[in-house]
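Participant: Sequence and predicted model, in that order:
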Amino acid sequence: MPGALAGVRVLDLTWVRAGPWATRWLGAFGADVIKIEWPERLDILRSTRHTTPPDIEPGPNTIGQFTDTNANKRGITLNVRSEKGLAIVKQLVAKCDVVIENFSSRVMQNWGLGYEELCQIRPDIIYVSMAGFGHTGPQHSYTTMGPSAQALSGLTYLSGLPDKPPAGWGWSYLDDTGGMYGAMCTLTALRHRNATG
């Protein structure tokens, strides 16, 4: 039985956890997700060797955490910094409903793939940016991950037992939370586009 998002194509320019977690769920709902990786620097989760089953030789395609985070996706490696790689990305944008990324605010702009440029390729494109510090303000060009966002937001300080020092979360809680919000925002945008054109 086709999923609720059957017929929706997503170009996944995400890495590590928050962004891939969002696209993982879009794929679980039936979207056709195309994940792009860079051949010179594969996703960090591919190097988390301790999640390879004990009877398998560790390698970039045996990592349990990467496999779980990127289930329900097709993959391609492209050098987006090359003219040919960028041209292929633009061809894919033209055939996708959604582009989702979780870089700092400067990356997509530097590649010439900001929202305005994407709209020139496909006017009704949905662009989901999961930049940890947003696209404006004094820290917008910084990169971030869940643990640093947890600390900066005060969430780490609030964890633990009374009369004890903060314990931290032990997991990248805001990456998973951010991924779920990214998926929900994408669903909301798809619904809005379907209703308004």
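Facilitator: That came through, no problem. Numbers count the residues shown, from 1 in each chain.

Participant: Local confidence estimate at residue 151?
Facilitator: pLDDT for residue 151: 83.

Participant: Report the separation between it and residue 166.
Facilitator: Residue 151 is 9 Å from residue 166, where distance means C-beta to C-beta, to the nearest Å. The C-beta positions use only the backbone N, C-alpha and C, and glycine is treated the same way.

Participant: Need the overlap of contacts for the two.
Facilitator: residue 157 (C-beta atoms under 8 Å, 6 or more residues apart in numbering).

Participant: Okay, buried residues for the worst-scoring helix or strand of the chain on mean pLDDT please.
Facilitator: Every helix and strand in the chain was compared by mean pLDDT, DSSP states H and E; the lowest is helix 146-153, with a mean of 82. By neighbour count with 16 or more other C-beta atoms under 10 Å, helix 146-153 contains the buried residues 146-147, 149-151.

Participant: cool, stretch 80-95 as well?
Facilitator: In terms of neighbour count (16+ other C-beta under 10 Å), stretch 80-95 has its buried residues at 80, 85-86, 88-90, 92-93.

Participant: picking up where we left off before, helices and strands around the least confident helix or strand of the chain, which ones?
Facilitator: Judged by 3 or more C-beta pairs under 8 Å, 6 or more residues apart in numbering; DSSP states H and E, the packing partners of helix 146-153 are helix 173-196.
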